[in-house]
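Colleague: Next comes the sequence, and after it the predicted model I'd like to discuss.
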Amino acid sequence: MNMIQKGETKHFVLVHGFCHGSWCWYKLAAALESKGCRATALDLAGPDRNDQLHRDSSSFSDYVRPLTDFLASLPGGERVVLVGHSYGGLAISVAMENFPAKISLAVFLTAYMPNCADPPASLIQEFFKRSSTKSFMDCEFTFDEDGVPLSAVFGPEYMATTIYRNCSAEDLEMGKKLIRPSLFFMKEMSKNGVVSEEKYGLVKRCYVICEDDDVMDEEFQRYNIEKSLPHEVISIEAAGHMPMLTKTLCLSSSLLQLSHKYY
């Protein structure tokens, strides 16, 4: 197998979080490409903003298929750096389980990072346990008969005061126009064995703590780290929840440094 050497072009695959899309990476992709890297931002499967969610026909494997199909299409020996933001941490984890040999490094960016002992849904449950209903402001949720969250879409007030608090007015308006509803896939994420030491555990992992994040606060980010120790942890000051927009150059430099260290 051809190994990625330090002097070779790095290929970053950027995976968005809940309710977002490839568009949120536009600044980071440009910053990485300006440094001679390749950057591929993918749209995970899901409805457009005005489409109705089809909960009965959707599965997590369908949701992540654009990512798994992309990895399957890579030429033999080519490896990439996966970057998963927020809920995107679960998406890249499934990709790591299925294609460990095609991933040189996985970076969890203020993200859910599962371990191999507990089902990934335990992290989502812990997140909701730490959050009050009031804190979600004007977000719209759907629940099953047992009160388990099925889907959600962010509200403009929540976006302005929480998710995009550190962002420019222009990026906030872009987000308001482009977000779409997303599913939690709690039933599938509640199963054991979603990730394993034999596959997921083979991939080198780094975690980027985003300070001043009002969505996934630093304490919760460190909870993810403690439950599933990565190879390295770095922090970005005053990043908020959208570091690809607020701390673009710092994040791109950090990703490059990590990719050269763990190649």
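Modeller: Arrived safely, thanks for sending.
Colleague: Could you use CA atoms for every contact and neighbour count after this?
Modeller: Will do.
Colleague: which SS class is residue 13?
Modeller: Following DSSP: H, G, I helix; E, B strand; the rest coil, residue 13 is assigned to strand.
Colleague: State the distance from it to residue 91.
Modeller: 12 Å (CA to CA, to the nearest Å).
Colleague: Give me the more crowded residue out of those two.
Modeller: More crowded of residue 13 and residue 91, by other CA atoms under 10 Å: residue 91, with 26 against 23.
Colleague: quick one: the more buried one and residue 31, what's the gap?
Modeller: 23 Å.
Colleague: Next, please give the residue ranges for the helices of the stretch 101-250 of the chain.
Modeller: With DSSP state H, counting those that start in this stretch, the ranges of helices along the stretch 101-250 of the chain come out as 121-129, 156-158, 169-178, 186-189, 218-227, 243-246, 248-261.
Colleague: Residue 68: which of these is closest?
Modeller: helix 186-189 (17.0 Å; CA to CA).
Colleague: For that closest one, buried residues please.
Modeller: Buried residues in helix 186-189, counted by 16 or more other CA atoms under 10 Å: 186, 189.
Colleague: okay, now residue 36: neighbour count?
Modeller: Around residue 36 there are 12 other residues, counting by other CA under 10 Å.
Colleague: Just the element for it, please.
Modeller: In the assignment (DSSP states H and E), residue 36 maps to no helix and no strand.
Colleague: tell me the contacts of it?
Modeller: By CA atoms under 8 Å, 6 or more residues apart in numbering, the contact set of residue 36 is residue 9.
Colleague: Same list (the helices of the stretch 101-250 of the chain) but as JSON lines, adding mean pLDDT and distance to residue 145.
Modeller: What follows is the helices of the stretch 101-250 of the chain, written out as JSON lines (pLDDT from 0 to 100; distance: least, CA to CA, whole Å):
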{"stretch": "helix 121-129", "mean pLDDT": "96", "distance to residue 145": "16"}
{"stretch": "helix 156-158", "mean pLDDT": "98", "distance to residue 145": "26"}
{"stretch": "helix 169-178", "mean pLDDT": "98", "distance to residue 145": "30"}
{"stretch": "helix 186-189", "mean pLDDT": "94", "distance to residue 145": "13"}
{"stretch": "helix 218-227", "mean pLDDT": "98", "distance to residue 145": "27"}
{"stretch": "helix 243-246", "mean pLDDT": "98", "distance to residue 145": "36"}
{"stretch": "helix 248-261", "mean pLDDT": "98", "distance to residue 145": "41"}
